[in-house]
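>>> Take this sequence and fold it.
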Amino acid sequence: MPDDSQQSPPTGINPWIVAIAVMLSTFMEVLDTTVVNVSLPHIAGSLSATIDEATWTLTSYLVSNAIILPLTGWLSNFFGRKRMLMLSVTGFTVASFLCGLAPTLPFLVVCRVIQGACGGGLQPISQAVLLESFKPEDRGKAMGFWGLGIVVAPLLGPVLGGWLTDSYSWRWVFYINVPIGLASLIMTRLFVFDPSYIRRTSSRIDYWGIGMLALGIGALQVVLDKGQEKDWFGTTWIAGVTVVAVLALGSFLVYELRISDPVVNLKVFRNRTYSTGVFLMSMLGVGLYGTTVLIPLILQTLLGYPALRAGIAMAPRGLGSFIAMPVVGLIMAKVDPRKLLVIGMAVCAFTLFQFSRLNLQAGYWDFFWPQFEMGLSLGLVFVPLTTISMSPIPKETMGNATSLFNLVRNLGGSIGISAVNTIVLRRAQANVNILGAHVNPYSSTATQMLSGLQHMFMSKGADLVTATQRANEAIFRMVTQQANMLAYNNVFRILGGLFLFLIPFIFLMHRPQAKGAIVGGH
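Numbering: from 1, shown residues only. Take a look at the predicted model:
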């Protein structure tokens, strides 16, 4: 079935034009993973639903997105990469428009499923196209450009979502994708072409593999997204879905390793550099997405920031990444990227330990500088890690490798969000008990504070009983706030320790070649 998608790429196309073409679609897709979060109360109110019901607009997107991610390499070979990319962008754009028109919550959830499924292939395809469009010595620059979308978009999402929702309507959170999608579609049509080695390796379709993968990844994503909300295994259906995920994924791994034409080629993990890079990227996902959730929670629940201002307070991290990634991309060819990766991990750990010393008197600048430093460190981590991990992968299997790489990063992010939420809740409960034990009639400090609060409320017209009740409530709020702050500090220390723990693993990876063929490619 010859068409333009099977043509050889023209030699005169500037690779940066290709980079912009695929970057638009990637940025749009990553942005949509977080841009809806701040609009949930408005969506629920507009569609006559509860907040809990409205969260399925997030879960449905993440589940369908995670299912498609590992299949992207096979789908690109089966249908053609250019055709697959154009179909994905078209489907994502149309689904976004329909999400904006949604008259009911079920209609919106169905459209979000389609949106997530179409968006799942955008990240790995764009990454594969970029890696192949640039010479080996220029891939650091390409990954620096691509990384801007992957790191900055999740941080920009809450700010953009809050502004659009407050200024216009939650529906514009989806409508904004339409012009971006159209621009990406036109540029892809004109400037992206399939390389000669993109072809079907077999006409056989691995239905069993696709089915087990879809069931396993979908069930796992539901557990990670809803686990904390439903008290994990204290809820029967969460426990049941967990069993389904374990059985399906276990069966998938055994089955895929035994058949000749698997839908996902797991043999790529035999390469030590790639498998180590995937592991490190999953842990980076834990830290990146975990802190992306923690900091807005501190700002909004403990320090009283409104949603939009909290989103703006997250901007320094994006600014740091925006500065660091292009610079790191430029110097990668001259410096061992593993050294940059070590520095990045160490700086990221340092910033997390800075966050672990925050208290309830923290001001804007107490968040600005650690976040800016973290943004710089993410540039030092993300660009070298992606480049090193992909350096030994042959071009023929690049699509499969980038699919798994992005899947693991996203799953790491889901695990990180679930883990930090669970740890914060459990540690806060323990801290309330510990701190509350010191608020008793035998503590002179506690009795003095209670007496002072009683007099303050009585001076405002309350009787003794009411003033005492309000004073006790005020002290309990203070204890709860301090307990929560200590819990956040605990999590930041854990994440900081995690990044230090990961540093030795970097030396298991081989330095990529600066010039010539890809290591191990041919």
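
>>> does the closest residue in space to V286 that isn't next to it in sequence sit in a helix or strand, and which one?
Counting by CB to CB, 6 or more residues apart in numbering, V286 lies nearest to G416, which is 3.4 Å off, once chain neighbours are set aside. In short, each C-beta sits where N, CA and C put it, glycine included. Taking DSSP states H and E as the criterion, G416 maps to helix 398-436.

>>> Would you check that T188 makes contact with R81?
No - using CB atoms under 8 Å as the test, T188 is too far from R81 to be in contact (10.3 Å).

>>> one step back: report the buried residues of the helix holding G416.
If you call a residue buried by 16 or more other CB atoms under 10 Å, then helix 398-436 has these buried ones: 398-421, 423-424, 427-428, 431-432.

>>> For R189, list the residues it contacts.
Contact criterion CB atoms under 8 Å, 6 or more residues apart in numbering gives M86 as the residues in contact with R189.

>>> Could you report the pLDDT at it?
According to the predicted model, the pLDDT of R189 comes to 84.

>>> do you know how far it is from A183?
Here the distance between R189 and A183 works out to 11 Å (CB to CB, to the nearest Å).

>>> for W172, same thing?
The spacing between W172 and A183, counted by CB to CB, is 17 Å.

>>> ok so, going back, avg pLDDT for the helix or strand that the helix holding G416 is followed by?
Tracing the chain C-terminally past helix 398-436 and defining elements by DSSP H and E, one meets helix 444-459 next. The average of the pLDDT scores along helix 444-459 is 77.

>>> List the buried residues of helix 444-459.
Within helix 444-459, judged by 16+ other CB under 10 Å, the buried ones are M449, L450, L453, Q454, F457, M458.

>>> I figured L98 hits V113, correct?
No - the criterion here is CB under 8 Å, and L98 misses it with V113 at 11.3 Å.

>>> And those two? Which one has more around it.
The residue with the greater number of neighbours, taking L98 and V113 and applying other CB atoms under 10 Å, is V113; the counts read 20 against 17.

>>> Wait, the more buried one touches Y61, no?
Yes - counting by CB under 8 Å, Y61 is a contact partner of V113 at 7.3 Å.

>>> which residue ranges form the strands in this protein?
Residue ranges of strands cannot be listed for the chain, since DSSP state E assigns none.

>>> Okay, now the unreliable bits of it?
Judged by pLDDT under 70, the chain has its weakly predicted residues at 1-12, 37-38, 51-52, 154-155, 195-204, 307-308, 311, 442-443, 513-522.

>>> Any idea how many residues pack against M84?
Other residues lying near M84 total 22 when counted by other CB under 10 Å.

>>> And it, how close does it get to G73?
With the distance defined as CB to CB, M84 ends up 10 Å from G73.

>>> what's the answer for S169, then?
Where G73 is concerned, S169 sits at a distance of 38 Å (CB to CB).

>>> These two: which has the busier surroundings?
Regarding S169 and G73, a neighbour count based on other CB under 10 Å identifies G73 as having more, with 26 against 14.

>>> ok, now which ones touch the more buried one?
Residues P124, A128, V264, N265, T397, G399, N400, A401, T402, S403, L404 are the ones in contact with G73 under the rule CB under 8 Å, 6+ apart.

>>> try 6 Å this time
Contacts for G73 were tallied using CB atoms under 6 Å, 6 or more residues apart in numbering; they are G399, N400, S403.

>>> So it versus G318, what's the distance?
Using CB to CB, which is the criterion applied here, G73 is 30 Å from G318.

>>> go on, Q300?
Q300 sits 18 Å away from G318, going by CB to CB.

>>> Counting neighbours, show which residues of stretch 208-223 come out buried.
Along stretch 208-223, these residues count as buried under the neighbour rule (16+ other CB under 10 Å): 209-210, 212-223.

>>> which other residues reach that stretch?
By CB under 6 Å, 6+ apart, the list of residues contacting stretch 208-223 reads 62-63, 66-67, 241-242, 244-245, 248-249, 251-252, 256, 262-263.

>>> Which of those residues sits closest to D366?
Among the contacts of stretch 208-223, L62 lies closest to D366 (CB to CB), at 31.8 Å.

>>> what number of residues lie near that closest one?
Close neighbours of L62, defined as other CB under 10 Å, add up to 22.

>>> Numbering from 337 from now on, please.
That works, and once the first residue is 337, the last one we named lands at L398.

>>> nearest residue to it other than its sequence neighbours?
Spatial nearest neighbour of L398, chain neighbours left out: Q557 (5.4 Å); criterion: CB to CB, 6+ apart.

>>> any idea how far that neighbour is from M710?
Applying CB to CB, one obtains 26 Å for the distance of Q557 from M710.

>>> With G748 instead?
Computed as CB to CB, the G748 to M710 distance reads 17 Å.

>>> same deal with F812?
For F812, the distance to M710 (CB to CB) stands at 34 Å.

>>> Looking at those two, which is more packed in?
A side-by-side neighbour count of F812 and M710, using other CB under 10 Å, places M710 first with 26 against 13.

>>> who's in contact with the nearest residue to the more buried one once chain neighbours are set aside?
Closest residue to M710 in three dimensions, ignoring its sequence neighbours and counting by CB to CB, 6+ apart: T687, at 4.3 Å. Contacts were defined as CB under 6 Å, 6+ apart; by that measure T687 touches P706, E709, M710.

>>> Please list all residues in contact with the second one.
By CB under 6 Å, 6+ apart, the residues touching E709 are T687.

>>> hmm, try it at 8 Å
If a contact means CB under 8 Å, 6+ apart, then E709 has G656, V683, F686, T687, Q690 as its contacts.

>>> Go through those residues and flag which are in helices.
With helices identified by DSSP state H, the entries of those that belong to them are G656, V683, F686, T687, Q690.

>>> Leaving out sequence neighbours, find the closest residue to M821.
In this structure, M821 finds its nearest non-sequential neighbour in L696, 5.6 Å apart by CB to CB, 6+ apart.

>>> for S725, same thing?
Nearest non-adjacent residue to S725 (CB to CB, 6+ apart): G613, at 2.7 Å.

>>> Would you mind measuring from the one you found to I486?
Looking at G613 against I486, where the rule is CB to CB, the gap reads 15 Å.

>>> More neighbours: those two, which one.
Set side by side, G613 and I486 show more neighbours around G613, with 29 against 25, by other CB under 10 Å.

>>> surely that one meets M845?
Yes - with contacts defined as CB under 8 Å, G613 counts as touching M845 at a distance of 6.3 Å.

>>> joint contacts of these two?
Among the neighbours of G613, those also in contact with M845 (CB under 8 Å, 6+ apart) are I724, S725.

>>> now the end-to-end length of stretch 372-391.
In terms of CA to CA, to the nearest Å, the two terminal residues of stretch 372-391 are separated by 10 Å.

>>> Can you list the buried residues in that stretch?
For stretch 372-391, the buried set under the neighbour-count rule, 16+ other CB under 10 Å, comprises 372-376, 378-380, 382-383, 385, 389-391.

>>> quick check, nearest of the residues you listed to A646?
Distances from these to A646 were compared by CB to CB; the smallest belongs to V374, at 8.9 Å.

>>> one step back: between Q636 and G654, which has more neighbouring residues?
Comparing Q636 with G654 by neighbour count (other CB under 10 Å), the higher total belongs to G654, at 21 against 16.
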